[in-house]
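Novice: Let me see the structure of the following:
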Amino acid sequence: MVSVEAVSKAYVRHATPWERLKALFLPDRYRGEEFWALREVSLSVRRGETVGIVGRNGSGKSTLLQLIAGTLTPTSGRTEVTGRVSALLELGSGFNPDFTGRENVVFQASLMGLPSAEIQERFPEIAAFADIGDFLDQPVRTYSSGMFVRLAFAVAISVNPELLIVDEALSVGDEGFQRKCYGRIRAFQERGGTVLFVSHSGAVVVDLCDRALLLDRGERLLEGPPKEVVSRYHKLLFAAPEARERLRAELLAWTHGAPAPGTTPPDLIEAEPSGQPPASLTEHFDPSLVPPSVLSYDSRGCRIESPRLLAAGGHPANLLVRRREYVYTYRVRFATAAFKVRFGMLVKTVTGFELGGAASHGPGGGLDHVESGQLAEVRFRFHCFLLPGMYFLNAGVVGVVDGEEVYLHRFIDVLAFRVQPEPGLLPTAIVDFLVEPSVILDVAESGA
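Specialist: Next up is the predicted model:
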């Protein structure tokens with residue numbers, strides 16, 4: 001279905017807009033700096049396969065998809081695609097902002113080769129899937145990003161493509177719409193459709209794809225089973241700079257050294273039989289690891305201060321190690337008296353999914369009375385039974401006011417922490433269930 005052979009894509013970067021202008025008239029004198037978005041990347045996709053592409057920002061994922069979709073031409077190499085292609089690339093691409101949603105649907109479907117009668121026949125299905133109501137007859141420039149991706153995906157999936165290309169656009173939609181999209185993608189897969197899928201969500205790639213490709217700095221680092229590739233991607237993503245360079249070099253050598261079929265990337269053979277994290281892994285604190293946004297509720301007589309995660313030795317840590325013990329602590333300063341006070345915490349995933357938490361007292365309980373001016377220190381001790389990935393912490397204080405339990409203060413996403421990747425660990429989903437698998441071969445059959 002898709003054949004990409006040693007494709008490279010180069011751009012020219014200029015230091016200033018003035019340099020770029022001079023290069024138009026004196027190209028030999030002002031050549032600028034050459035930047036390679038892709039370097040000799042090859043990929044073949046069979047009909048009916050779903051292939052995921054992962055990598056850090058700037059690794060060349062979107063460039064590769066645009067080359068396959070035909071919206072870019074390669075600097076060198078060759079791409080060949082057979083069949084009807086429907087591509088959901090960058091948000092905003094392909095739609096005219098001054099056309100209404102209805103007009104853009106007709107325009108896009110026409111570009112994909114559908115005759116007018118067929119477009120009119122499918123229009124009710126597209127409108128129902130997008131579910132944007134009266135905005136369908138409003139100019140697209142008035143749409144929110146969520147409404148835009150609803151309409152774009154509805155068109156892309158409803159024109160009976162043979163190859164569907166999706167570039168991370170679904171992350172813009174709300175959770176309900178994402179579930180609907182993934183359901184439609186699965187139906188498309190069951191009909192024999194081919195999918196090229198870019199996502200930063202390793203769990204989605206493992207769940208949805210047959211194979212995965214890891215790109216980094218425009219180079220193909222690894223291709224293989226999704227679990228193995230996503231594991232390497234996470235390790236590369238979270239590694240310290242010097243470790244990242246070593247890992248890149250190892251994967252490049254392994255990939256371009258024509259490994260024998262069935263062999264495994266170098267650091268996957270280091271799995272510890274006990275399932276315990278390696279003793280060499282240590283927790284530490286990264287000051288740059290902060291939540292992208294923190295939401296604070298209005299204070300009603302108290303305020304949460306100094307939220308921290310502490311390792312066993314008492315030192316701050318936000319890069320944690322699986323299966324070890326930590327303390328989540330914060331202080332609460334009371335400006336007024338409070339009654340039936342309870343303290344809580346909550347852990348969430350990157351997508352906002354609430355994994356669980358704890359409260360200092362059960363419903364109806366709590367500290368009967370806290371005086372004005374008192375300072376409380378709250379500590380939650382826990383074992384980290386989470387698999388490698390990034391997580392967020394909430395902190396909250398509730399009390400009874402006028403007979404009703406309310407938040408006296410609360411922080412949403414006040415701390416971020418990462419559970420570090422481990423050599424040989426192929427994470428599935430989110431929670432470490434402490435499973436110790438065993439397999440016994442040549443077991444004698446019995447009548448039981």
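
Novice: CA only for contacts and neighbour counts going forward, please
Specialist: OK.

Novice: so what pLDDT did the closest residue to Phe153 other than its chain neighbours get?
Specialist: Leaving out its chain neighbours, the residue that sits closest to Phe153 by CA to CA, 6 or more residues apart in numbering is Leu88, at 6.7 Å. pLDDT recorded at Leu88 is 75.

Novice: if I pick Leu88, what's in contact with it?
Specialist: With CA atoms under 8 Å, 6 or more residues apart in numbering as the criterion, the residues that contact Leu88 are Ala152, Phe153, Ala156, Leu164, Ile165, Val166, Asp167, Ala169.

Novice: State the number of residues packed around the first one.
Specialist: Applying the criterion other CA atoms under 10 Å, we find 26 residues in the vicinity of Ala152.

Novice: and it, what are its phi and psi?
Specialist: Note on Ala152: backbone dihedrals following degrees, to the nearest 10 are phi -60, psi -40.

Novice: Excluding residues flanking it in the chain, which one is nearest it?
Specialist: Leu88 (6.9 Å).

Novice: Distance of the one you found relative to Val51?
Specialist: Using CA to CA, to the nearest Å, one gets 15 Å for the distance from Leu88 to Val51.

Novice: And Thr75, how far from Leu196?
Specialist: As for Thr75, its distance to Leu196 is 22 Å (criterion: CA to CA).

Novice: Kindly report the same for Val204.
Specialist: In this view, Val204 and Leu196 are 13 Å apart by CA to CA.

Novice: Which one's more surrounded, those two?
Specialist: With other CA under 10 Å as the criterion, Val204 and Leu196 differ in neighbour count, and Leu196 comes out ahead with 21 against 16.

Novice: pretty sure the more buried one is in a helix, no?
Specialist: No. The assignment for Leu196 by DSSP: H, G, I helix; E, B strand; the rest coil gives strand, which leaves it out of any helix.

Novice: and Val7, which of the three is it?
Specialist: Taking three-state DSSP, the label given to Val7 is strand.

Novice: Distance of Gly70 relative to Val195?
Specialist: Taking CA to CA as the measure, Gly70 falls 16 Å from Val195.

Novice: Under the pLDDT cut-off, which ranges of the stretch 1-150 of the chain? List them.
Specialist: Of all residues in the stretch 1-150 of the chain, those with pLDDT under 70 make up the ranges 90-94.

Novice: Going by residue numbers, what spans are strands in it?
Specialist: Remark: strands of the stretch 1-150 of the chain, listed N- to C-terminal, are 2-13, 33-45, 50-54, 76-81, 85-88; assignment by DSSP state E, counting those that start in this stretch.

Novice: And those: which comes nearest Arg186?
Specialist: For those, proximity to Arg186 was assessed by CA to CA; strand 50-54 is nearest, at 10.1 Å.

Novice: partners of that closest one in the sheet?
Specialist: Sheet partners assigned to strand 50-54 using DSSP bridges are listed as strand 194-198 (parallel), strand 211-216 (parallel).

Novice: Need the winner for burial among those strands.
Specialist: For the strands paired with strand 50-54, the stretch with the most neighbours on average is strand 194-198, a mean of 25; neighbours defined as mean count of other CA atoms under 10 Å.

Novice: Now the element after that one, going C-ward?
Specialist: Next in sequence after strand 194-198, counting helices and strands by DSSP states H and E, comes helix 202-208.

Novice: For that following helix, which outside residues touch it?
Specialist: For helix 202-208, the external contacting residues (CA under 8 Å, 6+ apart) are Thr50, Gly52, Val54, Arg186, Phe197, Ser199, Ala212, Pro226, Lys227, Val230, Thr428, Ala429.

Novice: any idea which of those is least confident?
Specialist: Minimum pLDDT for the contacts of helix 202-208 is recorded at Thr428 (59).

Novice: Show me what Cys302 bridges to in the sheet.
Specialist: For Cys302, the residues forming beta bridges with it (DSSP bridges) are Phe334.

Novice: what's the burial count for it?
Specialist: As a burial measure, Cys302 scores 24 neighbours (other CA under 10 Å).

Novice: thought it was touching Gly399?
Specialist: No. Proximity of Cys302 to Gly399 does not meet the contact threshold set by CA atoms under 8 Å, at 10.3 Å.

Novice: Please report how far Glu168 lies from Phe353.
Specialist: Looking at Glu168 against Phe353, where the rule is CA to CA, the gap reads 19 Å.

Novice: Those two: who's more crowded?
Specialist: Taking Glu168 and Phe353 together and counting by other CA under 10 Å, Glu168 has the greater number of neighbours (17 against 12).

Novice: In stretch 356-373, which residues are buried?
Specialist: Buried residues in stretch 356-373, defined by neighbour count with 16 or more other CA atoms under 10 Å: Ala359, Ser360, Gly366, Val370.

Novice: picking up where we left off before, give the bridge partners for the residue nearest to Ala152, please.
Specialist: Bridge pairing for Leu88 - DSSP bridges - gives Val166.

Novice: any idea how far it is from Leu65?
Specialist: Leu88 sits at a distance of 10 Å from Leu65 (criterion: CA to CA).

Novice: go on, Leu310?
Specialist: When distances are taken as CA to CA, Leu310 and Leu65 turn out to be 43 Å apart.

Novice: which residues are in contact with both of Leu88 and Leu65?
Specialist: When contacts are counted by CA under 8 Å, 6+ apart, the set common to Leu88 and Leu65 consists of Ile165, Asp167.

Novice: ok, back up a step: of the strands of the stretch 1-150 of the chain, give the one that comes closest to Glu242.
Specialist: Minimum separation from Glu242 across the strands of the stretch 1-150 of the chain (CA to CA) falls at strand 50-54, 21.2 Å.

Novice: starting at the chain centroid, how far to that closest one?
Specialist: Between the centre of strand 50-54 and the centre of its chain there are 13 Å (CA atoms, centre = their mean, to the nearest Å).
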